[in-house]
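In: Just a sequence and a predicted model for now, questions to come.
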Amino acid sequence: MALDPADFRCTRLVMQLADEWVEYVAATAITFHARTYHMAISRLCEYVDKTLGPEAEGVSLTDQGLFDLLVDWELSLPESYAPSSTYPSVMAAGLRLLVVRRDDHPDRPVAPDLAKWAHGPALLSSGEKKERDEFERQEKRALVRAAWQSVHATRKRLDEGWAMAEQGQHPNEGSWTNIADLLWGLAHEQITPDDIRRRLPPLRKWPPDLAAFAAGLDRAPHPQTARLQLARQLYARLYPHTFDLHAFRVLLMDATGYTSEEVTGFGEKQVEFLPKGVRLTLIKNRAGLLRHRAFRDQPAPADRPEPKRRATSRSLWTGRGARPARWSASSWT
C-alpha cells in the first residue's frame, strides 16, 4: 500500500498528507486501519485535481483558499455510498487527524482556516447506528456522579495521609506504634511491611488509636491478621488501591465513549501524550479490534484558578492532589 505523488496533479498536497500518514502509521503500528487514511488522501487529491485542473499543481496545506474546497469535498463524500454507510465520516475524520497532526508540529505550517476546519465539528453524521445500552441515561449520570465523588474522596484520603506522613519521623527515632511515623517510613521508603510485622509489639500492647486505625471499618482488628490489616491501611493512606481505580474506569468510559475493556488495559505503549492532548490505543480482544483515538485537552474554565500541583514520584497522578486531566468527549479518530 503506497501513495505515489506522480499520480496526482496536486503533488505538494499529496506529499504533505502522505508524510503525516506514514509517521502516524509508524507511531501507532496500525495495520488494517491504515488503509482508511490512504483512501482519504486519495479521494481528496482526486477531488482537488478534478475541481482545480492545472491549478492544482501549486496547492498545499498552507493555502488559505483550500478551506472551501475541503468543506465541499467532505460534504460530497456520501454521494458514493449508501445513506447508512459510515465510510464518509470515517474518511473525513481520518483526514482531519492528519491535518491536526501537521498543525501540532512547530515546523510544519498549516493555514489557520484549515486548522480550524480540522479541529472543528464533523460536517457528516457517523452513519446509521442503534444504541444498545445496559443503563438508562439517568443511571449513567448517577454512575458518573458517584465516580467523581469517589475520586474526590480518594484525593482527600491521600492528601490527609501524606500530610500526616510529613509530621512523622523514622520509627526508630519516634515510635513503631505511631501512625505518623509509620506513614513517614513507608512514604520515604525507609521501612517495609516486613519491618512492621517484625518490629510491632503484640496487638494487646497497641495504643487504641493504632488498633482503631488498623481495624478500618471493622470493630476491632483480628489478632492473627492485625499487622497485615495495619499495612493495608497505611498504604491506602499513601496510594490508590484497586477499588479506587474503578471510578477512573467509569470516567474514562464516559469521556471517551468506549467500553471498559478498551480503557482499562493501558500500559506505557498504549498512551501517547501529544502537544495538545493524548492518543490512546484501544484494544477490544473479543472483537479483535485495535484502534487509536486522540483526545484534545479541554481548557479549564476562565473563572477557575489552575489547581496547584504538588509533584511526587510516589503518586499515580502527575501532581498529588491535582485534578485528573479532563478530556473532550469528541475524538479526532
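Out: Perfect, thanks for sending it.

In: separation between Ala220 and Ala214?
Out: Noted for Ala220: a distance of 9 Å to Ala214, by C-beta to C-beta, to the nearest Å. Placement of C-beta: from N, CA and C, glycine included.

In: neighbours around the residue nearest to Leu210 when sequence neighbours are not counted, how many?
Out: Using C-beta to C-beta, 6 or more residues apart in numbering and skipping residues adjacent in sequence, the residue nearest Leu210 is Thr177, 5.3 Å away. By other C-beta atoms under 10 Å, the residues close to Thr177 number 18.

In: Assign a three-state SS to Thr177, would you?
Out: Under the three-state scheme (DSSP: H, G, I helix; E, B strand; the rest coil), Thr177 adopts coil.

In: list the contacts for it?
Out: For Thr177, the contacting residues are 200-201, 205-207, 210, by C-beta atoms under 8 Å, 6 or more residues apart in numbering.

In: Quick check: the gap between it and Asp209.
Out: Thr177 is 9 Å from Asp209, by C-beta to C-beta.

In: quick one: average confidence on stretch 69-82?
Out: The pLDDT scores in stretch 69-82 average 86.

In: so after the lengthiest helix in the chain, what's the next helix or strand?
Out: Secondary structure assigned by DSSP state H gives helix 137-166 as the longest helix of the chain. Downstream of helix 137-166, the first helix or strand assigned by DSSP states H and E is helix 179-187.

In: Do you know the pLDDT at the residue nearest to Leu210?
Out: At Thr177, the model reports a pLDDT of 94.

In: now Gln233
Out: If you check Gln233, the pLDDT there is 93.

In: quick one: low-confidence ranges for the stretch 101-250 of the chain?
Out: In the predicted model, the stretch 101-250 of the chain carries pLDDT under 70 at residues 125-135, 218.

In: one more time with 90, if that's ok
Out: For the stretch 101-250 of the chain, the stretches flagged by pLDDT under 90 are 101, 103-109, 111-141, 215-225, 241-243, 245, 248-250.

In: Can you tell me the SS state at the residue lying closest to Ala118 once chain neighbours are set aside?
Out: In this structure, Ala118 finds its nearest non-sequential neighbour in Val99, 3.8 Å apart by C-beta to C-beta, 6+ apart. Assigned with three-state DSSP, Val99 falls in the helix class.

In: Show the buried residues in the contacts of Thr177.
Out: Those of the contacts of Thr177 that meet the buried threshold are 200, 206, 210, by 16 or more other C-beta atoms under 10 Å.

In: these two touch, right, the first one and Leu230?
Out: Yes. With contacts counted by C-beta atoms under 8 Å, Leu200 reaches Leu230, the gap being 7.5 Å.

In: those strands in the protein, which residues are they?
Out: All strands of the chain, identified by DSSP state E, fall at 271-274, 277-284, 289-296, 310-311, 319-320.

In: among those, which is nearest Trp73?
Out: Across the strands of the chain, Trp73 has its closest neighbour in strand 289-296 (21.8 Å, C-beta to C-beta).

In: Roughly how far does Glu136 sit from Ala142?
Out: Here the criterion is C-beta to C-beta. By it, Glu136 lies 9 Å from Ala142.

In: Comparing those two, which residue is more hemmed in?
Out: Between Glu136 and Ala142, Ala142 has the larger neighbour count (other C-beta under 10 Å), namely 12 against 9.

In: Pull out the buried residues from stretch 56-75.
Out: For stretch 56-75, by 16+ other C-beta under 10 Å, it's 56, 59-61, 63, 66-67, 69-70, 73-74.

In: quick one on the thing from earlier: tell me the pLDDT at the residue nearest to Ala118?
Out: The model reports Val99 with a pLDDT of 91.

In: Who are the packing partners of the longest helix of the chain?
Out: If you count contacts as 3 or more C-beta pairs under 8 Å, 6 or more residues apart in numbering; DSSP states H and E, helix 137-166 packs onto helix 179-187, helix 242-256, strand 319-320.

In: repeat that with 6 Å
Out: helix 179-187, helix 242-256 (3 or more C-beta pairs under 6 Å, 6 or more residues apart in numbering; DSSP states H and E).

In: Pick the most buried one from those.
Out: helix 179-187 (a mean of 23; mean count of other C-beta atoms under 10 Å).
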